[in-house]
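Undergrad: here are the coordinates; sequence isn't available:
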């Protein structure tokens, strides 16, 4: 028995093996689907645009896919790997749209679409590279003599050369030489 959209609760399986069900309020289900939409929309649109469909077609496909997801969950079907499930539905809908149109529509190049499709987060390779660079630079800092480390850390805290000299009881020339030496080592380690 499928509850209609206006019902106050939706039955979702607690465990497929036991056959028991748990009621989930429709509003909670809507919130979960909306949260997943917010999380995946840009990624799904980028994927659809890879089929050379317009962004308008992509938006329609994504809306159809999330409507299908809502119906899928409303009917108490599996919640496992919803990311994979939604990408598969979007994939199939995009293929159907291509077959229906009989031709590929050129990608839109307007600014709104381009901005939407850019993911500001670094990709895994960039994250790994950044982590390696940080470890390499920290190793160089830790290998510096104590006075050079102290000069560098005080400078990083925003102190001026004169203030560093007062804190460490060193001359301005020594501070300048220490920082120049430390920055040169860091620059060489960074490959710059």
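TA: Sure thing, it's come through. For clarity, every value in this text was computed on a predicted model and none was experimentally measured.

Undergrad: residues contacting the residue nearest the centre of the chain?
TA: When Cα atoms, centre = their mean is applied to the chain, the residue found nearest the centroid is residue 121 (5.0 Å). Contact analysis of residue 121 by Cβ atoms under 8 Å, 6 or more residues apart in numbering lists nothing. Quick note: C-beta positions are derived from backbone N, CA and C, even for glycine.

Undergrad: swap in 10 Å and give it another go.
TA: Contact analysis of residue 121 by Cβ atoms under 10 Å, 6 or more residues apart in numbering lists residue 127.

Undergrad: so how far is residue 48 from it?
TA: 19 Å (Cβ to Cβ, to the nearest Å).

Undergrad: same question, residue 143
TA: Taken as Cβ to Cβ, the span from residue 143 to residue 48 is 50 Å.

Undergrad: then residue 124?
TA: Applying Cβ to Cβ, the value for residue 124 to residue 48 is 22 Å.

Undergrad: so for those two, which residue has more residues nearby?
TA: Taking other Cβ atoms under 10 Å, residue 124 and residue 48 do not tie; residue 48 has more neighbours (24 against 8).

Undergrad: can you pull the pLDDT of that one?
TA: On the pLDDT scale, residue 48 is placed at 87.

Undergrad: same thing with residue 137?
TA: Taking residue 137 on its own, its pLDDT is 91.

Undergrad: wait, is it part of a strand?
TA: No. Assessed with DSSP: H, G, I helix; E, B strand; the rest coil, residue 137 is helix; it does not lie in a strand.
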